[in-house]
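[1] The sequence and its predicted three-dimensional model are supplied below.
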Amino acid sequence: MQGLLKRGSTAFIFVLVMLVGLFGGRYSFVLLFAIITGLCLWEYLSMVLVKDTRRDRIRKVVGLIMGIIPVILSALTKLGFVNDPESFVILASLLFSPFIFMAFVYELFTKSDAPFENIAFIFLGIIYIGVPFALLDFIAFDGEHFNAKTVFGILVLTWMNDTGAYLVGSRWGKTPLLPRVSPKKTWEGSIGGVVITFLAAIVLYSTLNELSLLDWLILALIVSVFASLGDLVESMLKRSVNIKDSGTLLPGHGGLLDRFDGFIFCLPFVAAYLLWIR
């Protein structure tokens with residue numbers, strides 16, 4: 001009972017913070033997802049760079065800064081701080097390219113047994129977490145339009161897919177989906193997640209008045225496929241480092257990366273579709 005109460009309290013606070021950040025305006029939106037990006041990066045780096053000496057903590061800070069830079073650059077562009085976005089992107093890319101090579105320089109002086117492995121993990125953090133969250137700004141901001149409802153809808157689809165898969169799988173799941181990576185996930189649960197995601201897409205179309213029904217259904221399909229794959233990818237990551245949860249930030253729910261793994265993974269595909277139809 002106490003565990004259930006803890007999970008419920010955490011979920012309530014989490015949803016409240018998300019709603020305030022999402023619908024509080026452009027700046028609260030950017031701040032919310034910059035914080036989420038940073039925390040997800042820190043959990044990821046803590047998993048793959050597990051040592052805890054001073055040099056290892058500095059390495060994690062380096063990885064955190066590099067991983068969050070794409071989010072900062074996209075936010076500056078989309079919030080109107082840059083008069084010439086195209087030139088800014090080119091200049092930022094030119095400056096960022098030499099900067100990322102500082103990871104190589106740092107490893108020269110750490111006496112690490114696996115310097116290139118550390119560098120690879122840092123760069124992977126940029127691609128796996130930093131870039132997808134940077135793309136979120138391109139989904140949310142379309143010229144003068146702030147599409148908070150669209151981002152909210154994508155989050156809802158992602159969480160409905162995860163919740164549906166869990167509820168159906170725990171009740172009727174018998175056929176393992178990918179037992180080598182995640183023994184508890186089943187085909188029955190995945191199908192249940194897809195059905196509930198499509199039902200959620202119809203509800204979102206009826207209530208948000210943001211996209212067409214066809215667009216919501218296509219987004220439901222994208223989320224059903226790639227959010228599920230993202231969940232499996234994070235399970236593969238956790239299994240490779242032999243841990244259960246990415247962190248302990250959300251009592252009863254694990255870490256923040258556990259909650260956003262599917263959302264992160266589907267963002268590039270969602271962004272590609274939405275930018276295409278615009």
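    Perfect, thanks for sending it.

[2] which residues of this structure score low on pLDDT?
    1-6, 85, 252 (pLDDT under 70).

[3] longest helix in it, by residue count?
    The longest helix of the chain (DSSP state H) is helix 213-240.

[4] Which secondary structure elements does it sit against?
    helix 26-48, helix 148-172, strand 182-186, helix 187-208, helix 256-277 (3 or more C-beta pairs under 8 Å, 6 or more residues apart in numbering; DSSP states H and E). Every C-beta, even on glycine, is put in place using the N, C-alpha and C of the backbone.

[5] Turn these into JSON lines, columns for mean neighbour count.
    Listed next are the helices and strands packed on helix 213-240 as JSON lines, based on neighbours: other C-beta atoms under 10 Å:
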{"stretch": "helix 26-48", "mean neighbour count": "20"}
{"stretch": "helix 148-172", "mean neighbour count": "20"}
{"stretch": "strand 182-186", "mean neighbour count": "17"}
{"stretch": "helix 187-208", "mean neighbour count": "19"}
{"stretch": "helix 256-277", "mean neighbour count": "21"}
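
[6] how about those, which one is nearest Glu234?
    Closest approach to Glu234 among those (C-beta to C-beta): helix 256-277, 3.7 Å.

[7] Is it possible to get TSV of the helices and strands packed on helix 213-240 that adds distance to Phe101?
    Output for these, formatted as TSV (distance: least, C-beta to C-beta, whole Å):
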stretch	distance to Phe101
helix 26-48	19
helix 148-172	34
strand 182-186	36
helix 187-208	42
helix 256-277	25
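
[8] So which of these is nearest Met236?
    strand 182-186 (8.1 Å).

[9] Show me how far the closest one is from its chain's centre.
    The chain centre lies 21 Å from the centre of strand 182-186; the measure is C-alpha atoms, centre = their mean, to the nearest Å.

[10] So what touches it?
    Ala165, Gly169, Gly173, Lys174, Thr175, Pro176, Leu177, Leu178, Asp231, Leu232, Ser235, Arg239 (C-beta atoms under 8 Å, 6 or more residues apart in numbering).

[11] ok, 7 Å please
    Gly169, Gly173, Lys174, Thr175, Pro176, Leu177, Leu178, Leu232, Ser235 (C-beta atoms under 7 Å, 6 or more residues apart in numbering).

[12] Of these, select the buried ones using a PyMOL command.
    Buried residues among the contacts of strand 182-186 (16 or more other C-beta atoms under 10 Å), as a PyMOL selection:
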select buried, resi 169+173+177+232+235
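
[13] where along the stretch 1-150 of the chain do the strands fall?
    Ranges of strands in the stretch 1-150 of the chain, per DSSP state E, counting those that start in this stretch, are 141-142, 145-146.

[14] So which of these is nearest Val20?
    That would be strand 145-146 among the strands of the stretch 1-150 of the chain, by C-beta to C-beta, at 15.1 Å.

[15] before we move on, the earlier item: I'd like the contacts of strand 182-186 as CSV, with distance to Asn83 appended.
    Below are the contacts of strand 182-186 laid out as CSV (distance: C-beta to C-beta, whole Å):
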residue, distance to Asn83
Gly169, 51
Gly173, 54
Lys174, 59
Thr175, 56
Pro176, 55
Leu177, 49
Leu178, 49
Leu232, 43
Ser235, 44
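
[16] which of the contacts of strand 182-186 sit farthest apart?
    Top of the distance list for these (C-beta to C-beta): Lys174 and Ser235, 19.3 Å.

[17] picking up where we left off before, for the contacts of strand 182-186, which one is nearest Phe12?
    Gly169 (24.5 Å).

[18] is it true that that closest one touches Gly189?
    Yes. The pair Gly169 / Gly189 is scored as a contact, 2.3 Å apart, by C-beta atoms under 7 Å.

[19] can you list residues touching both of these two?
    Counting by C-beta under 7 Å, 6+ apart, Gly169 and Gly189 have no common neighbour.
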